[in-house]
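Asks: Please work out how this folds:
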Amino acid sequence: MKSLAAKSSQDSDELLFVGTAESEHVEMYLKAIWCINEKEQEVKVSSIAKVLNVTQPSVVQMLRKLDNANLVSYRKGGVEMTEEGSRIGKQMIRNTRLLEVLMKDALKIEIDEEMVCGIEHHMKNIFTDALCTLLKHPRKCPHGHSIPKGRCCS
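Replies: Okay, the predicted model is just below:
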């Protein structure tokens with residue numbers, strides 16, 4: 001998995017994955033695992049498959065890749081996110097939920113999940129924090145789920 005270090009004056013250590021289909025799949029899996037953890041449910045192959053609407057063998061294959069990349073710890077008993085995997089999953093959740101608030105509350109349009117999914121993978125932290133600030137640091141998305149705080153929320 002390739003990565004690209006993005007240098008900016010505000011966030012010189014921000015790490016972004018190159019915008020490939022593979023990196024988006026990685027982010028979707030980490031987001032799904034983060035959501036399952038958020039509900040305080042056990043993270044199992046079957047629960048990930050259900051959330052992502054994919055087959056269990058596909059989940060096992062991706063979990064092996066994520067384990068090799070040190071984003072999760074995958075054992076037959078279950079899945080645990082590493083610190084880096086959790087950071088990415090949390091960022092994807094934050095991006096998703098802020099985009100949903102933007103669409104529903106600020107733009108007054110119906111939430112388009114396909115559009116949200118297309119955009120969330122391309123948001124840099126500086127953009128996410130600016131969006132959060134613009135929206136006055138919302139704590140809940142339109143579905144009632146908590147929006148993880150960013151550095152801008154301090």
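Asks: Map the structural domains onto the sequence of the chain.
Replies: Using automatic domain parsing, the domain parsing of the chain gives 18-85, 93-153.
Asks: so can I have a markdown table of the ones you listed showing mean neighbour count?
Replies: Where you see a C-beta, it was placed from the backbone N, CA and C, and this is true even at glycine. Shown next, in a markdown table, are the domains of the chain (neighbours: other C-beta atoms under 10 Å):
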| stretch | mean neighbour count |
| --- | --- |
| domain 18-85 | 16 |
| domain 93-153 | 16 |
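Asks: If I average pLDDT within each of the ones you listed, which one is lowest?
Replies: Note on the domains of the chain: lowest mean pLDDT is at domain 18-85, with a mean of 92.
Asks: Can you list the residue ranges for helices in the chain?
Replies: Assigned by DSSP state H, the helices in the chain fall at 21-38, 45-52, 56-68, 83-101, 113-120, 125-134.
Asks: Report all helices and strands that the fifth one contacts.
Replies: What it means is helix 113-120. helix 83-101 (3 or more C-beta pairs under 8 Å, 6 or more residues apart in numbering; DSSP states H and E).
Asks: which residue packs closest to residue 41, ignoring adjacent ones?
Replies: Excluding its sequence neighbours, the residue lying closest to residue 41 (C-beta to C-beta, 6 or more residues apart in numbering) is residue 47, at 6.4 Å.
Asks: Hmm, the one you found is touching residue 39, no?
Replies: No: Residue 47 is beyond contact range of residue 39, at 9.4 Å (criterion: C-beta atoms under 8 Å).
Asks: Would you check how far apart the residue nearest to residue 41 and residue 40 are?
Replies: Residue 47 is 12 Å from residue 40, where distance means C-beta to C-beta, to the nearest Å.
Asks: Make JSON lines out of the helices of the chain and add distance to residue 146.
Replies: Formatted as JSON lines, those follow (distance: least, C-beta to C-beta, whole Å):
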{"stretch": "helix 21-38", "distance to residue 146": "8"}
{"stretch": "helix 45-52", "distance to residue 146": "18"}
{"stretch": "helix 56-68", "distance to residue 146": "24"}
{"stretch": "helix 83-101", "distance to residue 146": "8"}
{"stretch": "helix 113-120", "distance to residue 146": "17"}
{"stretch": "helix 125-134", "distance to residue 146": "13"}
